[in-house]
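A.B. asks: Quick one, fold the following:
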Amino acid sequence: MSGYLHHLRLCNAHDPADYRPWSIGGAEVGLVSHPVAERLADCGFLQSGRGLTLPAGTFEDISDKLAEASETLRGSGLAAKARGEFYPVLPHPDAAPLAVLDRGAATEFGIVNRGFHLNGIVRRVDGTFMWVARRARDMATFPGKLDNMVAGGHPAGISAFDNLLKECAEEAGIPAETAATARPTGVISYRMAVPAGLRRHMFYTYDLELDPAFVPHAVDGEVESFELLPVGDVMRIVETEPDAFKYNCNLAIIDFLVRHGFIAPDNPDYFEIANGLRQPIC
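C.D. replies: Modelled structure (predicted):
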């Protein structure tokens, strides 16, 4: 098994039997572990088949109920602390949100979690290069790991394009007029079991071709440094150093490598690699 497949299988490792669906007014929006489901039964969630449901209500009412349930889970040690950033609760990635939920409980509630990853690319006469970020050592999650040039979650109330511009400015000091030239290239999706619950992630992918003279710089403290590496070196890291990058950044790089022919059909795992980047999450 190639190192590329390791990353794909890691991000898609889960057992559906470990989770129960929950819905809002008949629309399924999440998957929760059995301990969380049992606790939610005491928080106004009703039994519905093998899952749970909240009766239909206004956006604000449902959001308030989820906030109260999140606090109950935190009090029971079943949810992470609140982050003060809210994600939409969606029956489908392209659907209108039915409520919002604090980011700190997104995995515990198993909601569809949207975001984006951007590959910063430099074309030179001596080859193709990729900007790689090093996460700050004091980050709460994945400190010191390598990362894509820019990546971020997609909070409620902002468009994908505006979120891209915001994160590019905050994480890498990329001017808006430059970030606006990023080319959307598709989506990556996966379901991943973690101790907190189920990550049902989908993220938009972008390629941003940069002038060789441009040098990114950390602005908001999430990134410690940036390094411009030949794509061949990035390939080697992804394939042979499984813990070097934050786990899902590997998928964005693999996607780039497939799209640009660096991973070619002669690779014995080509079909599984290309097909494995987009797994059903709904």
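A.B. asks: biggest helix in this protein by residues?
C.D. replies: helix 59-75 (DSSP state H).
A.B. asks: In its sheet, which strands sit next to the helix or strand following it, and in what direction?
C.D. replies: For helix 59-75, the following helix or strand on the C-terminal side (DSSP states H and E) is strand 86-89. Paired with strand 86-89 in the same sheet, following DSSP bridges, are strand 99-102 (antiparallel).
A.B. asks: which other residues reach the strand it pairs with?
C.D. replies: With CB atoms under 8 Å, 6 or more residues apart in numbering as the test, strand 99-102 has contacts from 24, 59, 62-63, 66-67, 70, 82-89, 109, 111, 156. In this view, the C-beta of every residue, glycine as well, is placed from N, C-alpha and C.
A.B. asks: tell me the pLDDT at the residue of the chain positioned farthest from its centre?
C.D. replies: Most distant residue from the mean C-alpha position of the chain: residue 125, 33.4 Å away (CA atoms, centre = their mean). pLDDT recorded at residue 125 is 96.
A.B. asks: From here on, call the first residue 15.
C.D. replies: Sounds good: first residue 15 from here, last item residue 139.
A.B. asks: From what I see, residue 212 and residue 205 are in contact.
C.D. replies: Yes. At 6.2 Å, residue 212 and residue 205 qualify as touching, with contact defined as CB atoms under 8 Å.
A.B. asks: which neighbours do the two share?
C.D. replies: Contacts common to residue 212 and residue 205, judged by CB under 8 Å, 6+ apart, are residue 28.
A.B. asks: So which of the two has more stuff around it?
C.D. replies: Applying other CB atoms under 10 Å to residue 212 and residue 205 shows that residue 212 carries more neighbours, namely 25 against 19.
A.B. asks: how much space between that one and residue 293?
C.D. replies: Distance, residue 212 to residue 293, by CB to CB, to the nearest Å: 13 Å.
A.B. asks: any residues in contact with both of these two?
C.D. replies: By CB under 8 Å, 6+ apart, residue 212 and residue 293 have these common neighbours: residue 205.
A.B. asks: Buried ones only from the contacts of strand 113-116, please, as a PyMOL command.
C.D. replies: Buried residues within those, by 16 or more other CB atoms under 10 Å, are selected in PyMOL with:
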select buried, resi 38+76+77+80+81+84+100+101+102+103+123+125+170
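A.B. asks: ok, the residue nearest to residue 81 when sequence neighbours are not counted - how many residues close by?
C.D. replies: Leaving aside its sequence neighbours, residue 81 sits nearest to residue 116 (CB to CB, 6 or more residues apart in numbering; 6.9 Å). Neighbourhood size, residue 116 [other CB under 10 Å]: 22.
A.B. asks: Over to residue 201?
C.D. replies: Look at residue 201: counted by other CB under 10 Å, it has 16 neighbours.
A.B. asks: got a list of what it touches?
C.D. replies: Residue 201 touches 107, 216-219, 292, counting by CB under 8 Å, 6+ apart.
A.B. asks: swap in residue 105?
C.D. replies: 38, 41-43, 112, 296.
A.B. asks: now the residues you listed: which count as buried?
C.D. replies: Members of the contacts of residue 105 classed as buried by 16+ other CB under 10 Å are 38, 43, 112.
A.B. asks: On the strand side of things, show who the first one bridges to.
C.D. replies: The residues paired with residue 38 through beta bridges, assigned by DSSP bridges, are residue 41, residue 68.
A.B. asks: How about the secondary structure of residue 231?
C.D. replies: Following DSSP: H, G, I helix; E, B strand; the rest coil, the label given to residue 231 is coil.
A.B. asks: ok, it - contacts?
C.D. replies: By CB under 8 Å, 6+ apart, the contact list for residue 231 reads 186-187, 240.
A.B. asks: how about the helices in the protein?
C.D. replies: Ranges of helices in the chain, per DSSP H, are 17-25, 48-54, 73-89, 120-123, 174-186, 190-193, 245-254, 263-273, 284-290.
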